[in-house]
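Trainee: From the sequence below, what's the structure:
(3 chains)
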Amino acid sequence: MNRSVEMPALDAAAAQQWQREYDAQIGKDRATVNRSGIPVKALYTPADWDGTRHLHDLGYPGQPPFTRGIYPTMHRGRTWTQRQLIGLGTPTDYNLRLTDLLSQGISAVSLIPCNSVFRGYDMDETHAELLGTCGTVINHAGHMDEALAGVDLARVSCAMNDPSPFTLFAFLLVTAKRRGVPWTQLTGTSNQSDYLSHFVANHMFYRLANAGARRVLVDQIAFAIEHVPRWNPMSVVGQHTQQAGATPAEAAAFTLSTAIQNAEDCIARGLDPDRFLPRFTFFFDISVSFFEEIAKFRAMRRLWGRIARERLGAGTPQAWRFKFHGQTSGADLTRQQPLNNVARVTIQAMAGIFGGLQSLHTDAYDEAVSCPTEAGARIAIATQNILKEESHLTDVIDPLGGSYYVEAMTDAMEAEIERVMARIDAVGGMYAAAESGLVQRMIGESALCFQRQVDQGEQTIVGVNKYAAEDNAASPAQPKPDPAAMAQHLTQFRRWKALRDGASVKRALAALAHAAESPRDNVMAEIVRAAEAGITHGEICACLRDVYGFGRPLVAV
Amino acid sequence: MTIIPKVLVTKIGLDGHDRGSRIVTAALRDAGMEVIYTPPWQEIASVVKLVLEEDVDVIGISSLATDHLIVPKLIEALAAAGLAHKPVIVGGIVPDSDARELEAAGVARVFHPGSAMQDIVTYIRAAAERSRAAAYSE
Amino acid sequence: MCMASAGRLSRSRPLPATDHERLARAVALARSGDRAALSCALTLIENGALVSGEMSAEWQQAALRCHRIGLTGAPGAGKSTLASALIGEFLRRGRSIAVLAVDPSSPITGGAVLGDRVRMSAHADDSRVFIRSMASRGNPGGIAATTGASALLLAACRYDIVLIETVGTGQSEVAIVRAADSIIVAVPPDAGDEVQALKAGVLEIAHVLVVTKSDLPAAERTANELTASLRLRADRDRAVRVVPVCAPKNHGVQALVDALETQRPRGTGKQDGDR
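Mentor: Numbers count the residues shown, from 1 in each chain, chains lettered A, B, ... in the order given. From the prediction side, this is the model:
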């Protein structure tokens, strides 16, 4: 139905009538505020946002201000990448799971390494009980080759969950080289490469002290732009801060501020924003706060387009595009009545899809209990397929565009995000804000605030503080790596290490340390050389920790 | 003279998420207890030394990402240092079967996600008072 | 707030009368090297066990060879970083060190987060180091009511150094004067008005003024201001040193320890009643 814009006088009268009737019938109304603290009204009308603003505030998909999408075709042309984060056990275990998932329709690889790898250790340097429980134990280039056996690196996009110093990226490059795949054909992302988000929120990824992490990140970006031009070396992370308790608007603000910080660091290095910004990607949490998340993503798309152009000086449209991967929020999932999580993940995934993401990971329903089981992982993928192919959610681009509520909320989220960004700017940018503890304090306060709301019943969590059932089914056992296989993996690793030429190991490490200490060298290039020379992940991390300092997050309550 | 419970909130192993441990620490402080709060990745030997020097009443381990699998090693180390009488509780993501194994290994209680903060605070206070009474009553 | 209980822990269980005896037993074991007993003794003292005049005198005697050092300063002055560097330097010189790290109790709930220990993590695992965290428990003046007795006991247990790191409010910390032989006050650079406020009380008690973060340009100006203020004071019979320190880079730490050891050489000690 085609409506023309209402005449103001008639509209005002009808609005007043509605308000009167609403007030009379509603009884005790509740004041609603979303997670970012923005009030949510009962009704939105053209008074809140009207269609005359379409061209200026929304634009067409693929055109500034990008509110409706970064590409003209969006999901109708190319659906989002189904990129499930997986990782478990030995490289062989990983390869089996990966092959299975590829056959079910995931279109890209995402590799999660073992916690020991996140912490910068080789498998012979940590508690054996903790090997392979949540990710794959990869310590050298050969392991990467095993993990990706049968995967055509020239055609399949690979995301490595890989903080500084990007050893997994190095192992992937060496693997590609050995297989004769030119680096120019590799596509993928150094996922979660954002050291500031590790410093302030997900500390597990935090290995090198900030100054060193900053240096290595810029080196990696410069290296990738030059040698692996289709790779996204920068994944700015909003997920960590939101999982740690930041509100969606805060997480968005911290992320954009971090992106600005990293971009400015690259510009200071002499890199051209039109070359590196197209390779900046973002990684976000998607909570169950459905409309808020949609508004968040749309607001960020608009904000980033403006920032890239006006603040960072990029001239080409590719540099203005806000590309992001969304992960459904594990923090919203419950241990109680875990099958309910399937419904939650569906809502979160829909919010991400309507928010216009480029790539999506859906959590398994048992995520709150353990690292996901195979059954849980299958349902997570099926959920995406149902949304895509049964609900046809990809048929219309930005279907909620023009909704009075969604547009008003997009505007409100944008304002709130800018407000938080101004606070970060006031203390000198994201690096300074993180070092001073400001960001951590803000996250902590929001986390406490949310906890209070849950404790007081103001925020319902079904099955936890309301609709709780006495007979919660026992949680499934944690899938654990086969101890015999892991023991063999460890034995083989030790043997392989012992067979290396000690002198060339020493030389490679000395070269790495030297590059790390020289301001003019590219540390990433040296890391790749070291990986090729058979230096292990733990050795590379230890060497750089020696030079730059062991990363210790600022801890405060 | 009032007895003020002294509680350790720490993380051993490899995980680095601290939202839960920070919230519990704040809740314990707000309930009038003294909390020693550490960063993640504490070595077991460091925790034992800390428990001995600080004479904490309760040891709280925050565990996500499977770190609970090494809690039995901590319990052994505490026992070897003569500290077996101090209760160890674990909060975080622990599958039920693993929780039962932990309790069999000597963990006093496992708190899962979704536990009410008040329940955690009440339990810890009671455990601390029991622990203190047992240590100082003979 | 849903989870706060208003006011301090209201359940009171008075300690049994034999607590003094328990303390005596624990102390005897502690003084022969039993760390667990030392820890228990500290708990008993902290919770009100009576330290008799006789005990105290005995400990004073045993503590003569110990150098008790108080470290105070406003929040943000970098006390913990400085403490860690000090510990490192003392260890390098072959000393054993006990640390009492005092953090403020909440005036509303009575609880506390004791976070100083983790900032000394570099040395916490050393067997020559003993670290004990304490909450101020409402005691004004930066330390707990029992910190003095606790420090004395640690000194009597033959630690070469007892370092008391306190909550600094920037005002006169009189209480620490009674607990320590030497007082270090940490002053951040460019403290501005705070330096003015500091002068009043702090200069009376300090033996060494440490300008922290000395790698910052403002540090030199702050050091000069402090030196100038010291010269203006009438009380000249105490030589107060101003030492700039950059703890993370280990600059000035040796000079600081030298100043401390000059001020109070090993083997000499405060007697009860000394300033």
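Trainee: buried residues in stretch B:116-124?
Mentor: B:Met117, B:Ile120, B:Val121, B:Tyr123, B:Ile124 (16 or more other Cβ atoms under 10 Å in any protein chain shown). C-beta coordinates here come from the backbone N, C-alpha and C atoms, glycine included.
Trainee: Sorry, slip of the keys, the one I care about is stretch C:70-83.
Mentor: Neighbour-count burial for stretch C:70-83 [16+ other Cβ under 10 Å]: C:Gly70, C:Leu71, C:Thr72, C:Gly73, C:Ala74, C:Ala77, C:Gly78, C:Lys79, C:Ser80, C:Thr81, C:Leu82, C:Ala83.
Trainee: Please report how far A:Ala308 lies from chain C.
Mentor: Using Cβ to the nearest Cβ, to the nearest Å, A:Ala308 is found at 35 Å from chain C.
Trainee: And that residue, what's its pLDDT?
Mentor: Note on A:Ala308: pLDDT of 98.
Trainee: Using the three-state scheme, assign it.
Mentor: helix (DSSP: H, G, I helix; E, B strand; the rest coil).
Trainee: where do the strands sit along chain B?
Mentor: Assigned by DSSP state E, chain B shows strands spanning B:6-10, B:34-37, B:58-63, B:88-92, B:109-111.
Trainee: Farthest pair within the buried residues of stretch C:70-83?
Mentor: C:Gly70 and C:Thr81 (16.8 Å; Cβ to Cβ).
Trainee: which stretches of chain B form helices?
Mentor: B:19-30, B:44-54, B:71-80, B:96-105, B:117-135 (DSSP state H).
Trainee: most tightly surrounded among those?
Mentor: Ranked by mean neighbour count, these are led by helix B:19-30 with a mean of 24 (mean count of other Cβ atoms under 10 Å in any protein chain shown).
Trainee: Out of the buried residues of stretch B:116-124, flag the one nearest to A:Met74.
Mentor: Using Cβ to Cβ, those come closest to A:Met74 at B:Met117, 42.6 Å.
Trainee: Give me the pLDDT value at residue 81.
Mentor: If you meant another chain, say so; for now it's chain A. 78.
Trainee: meant chain B actually
Mentor: 96.
Trainee: I figured B:Tyr37 was touching C:Val118, is that so?
Mentor: Yes. B:Tyr37 is within contact range of C:Val118, at 7.4 Å (criterion: Cβ atoms under 8 Å).
Trainee: ok, and the closest non-adjacent residue to A:Ala224?
Mentor: Closest residue in space to A:Ala224, ignoring its immediate chain neighbours: A:Pro233 at 3.8 Å, by Cβ to Cβ, 6 or more residues apart in numbering or on different chains.
Trainee: quick one, what contacts whichever residue of chain B sits closest to chain A?
Mentor: In chain B, the residue that lies nearest chain A is B:Gly16 (3.0 Å; Cβ to the nearest Cβ). If a contact means Cβ atoms under 8 Å, 6 or more residues apart in numbering or on different chains, then B:Gly16 has A:Phe118, A:Arg119, A:His198, A:Asn202, A:His203, A:Met204, A:Phe205, A:Tyr206, A:Pro553, B:Pro40, B:Trp41 as its contacts.
Trainee: what do you get for C:Asp126?
Mentor: C:Leu91.
Trainee: and it, what element?
Mentor: Using DSSP states H and E, C:Asp126 is not contained in any helix or strand.
Trainee: That one and B:Ser46: what is the separation?
Mentor: In this view, C:Asp126 and B:Ser46 are 11 Å apart by Cβ to Cβ, to the nearest Å.
Trainee: How about B:Leu64?
Mentor: 20 Å.
Trainee: quick one: pLDDT of the closest residue to B:Ala65 other than its chain neighbours?
Mentor: Once flanking residues are discounted, B:Ala65 sits nearest to B:Asp15: 3.9 Å by Cβ to Cβ, 6+ apart. We have a pLDDT of 93 for B:Asp15.
Trainee: Count the residues that sit near B:Asp15.
Mentor: As a burial measure, B:Asp15 scores 26 neighbours (other Cβ atoms under 10 Å in any protein chain shown).
Trainee: near chain C, which residues of chain B show up?
Mentor: B:1-5, B:25-39, B:43, B:45-46, B:49-50, B:52-55, B:82, B:117-118, B:121, B:129, B:133, B:135-137 (Cβ under 8 Å from any Cβ of the partner chain).
Trainee: the more surrounded of B:Tyr37 and C:Val118?
Mentor: Legend: neighbour count by other Cβ under 10 Å for B:Tyr37 and C:Val118, higher for B:Tyr37 (25 against 21).
Trainee: Run through the residues that contact that one.
Mentor: By Cβ under 8 Å, 6+ apart, the neighbours of B:Tyr37 are A:Val555, A:Val557, B:Val9, B:Thr10, B:Ser21, B:Arg22, B:Thr25, C:Val113, C:Leu114, C:Gly115, C:Val118.
Trainee: of those residues, closest to B:Leu69?
Mentor: Using Cβ to Cβ, the contacts of B:Tyr37 come closest to B:Leu69 at B:Thr10, 16.1 Å.
Trainee: measure the closest one to A:Leu96 for me?
Mentor: 36 Å.
Trainee: can you count the residues close to the residue lying closest to A:Gln440 once chain neighbours are set aside?
Mentor: Closest residue in space to A:Gln440, ignoring its immediate chain neighbours: A:Val200 at 5.2 Å, by Cβ to Cβ, 6+ apart. Using other Cβ under 10 Å, A:Val200 has 29 other residues around it.
Trainee: and if you look at A:Leu96?
Mentor: 14.
Trainee: Which pLDDT value goes with it?
Mentor: Reported pLDDT for A:Leu96: 91.
Trainee: The one 5 residues further on now?
Mentor: If you check A:Leu101, the pLDDT there is 79.
Trainee: Repeat that for C:Ile183.
Mentor: 90.
Trainee: thinking again about what came up before, now the contacts of B:Tyr37 as TSV including pLDDT and distance to C:Ala30?
Mentor: Shown next, in TSV, are those (pLDDT from 0 to 100; distance: Cβ to Cβ, whole Å):
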residue	pLDDT	distance to C:Ala30
A:Val555	78	31
A:Val557	73	31
B:Val9	97	27
B:Thr10	97	25
B:Ser21	94	32
B:Arg22	93	34
B:Thr25	96	30
C:Val113	95	27
C:Leu114	94	21
C:Gly115	88	26
C:Val118	83	25
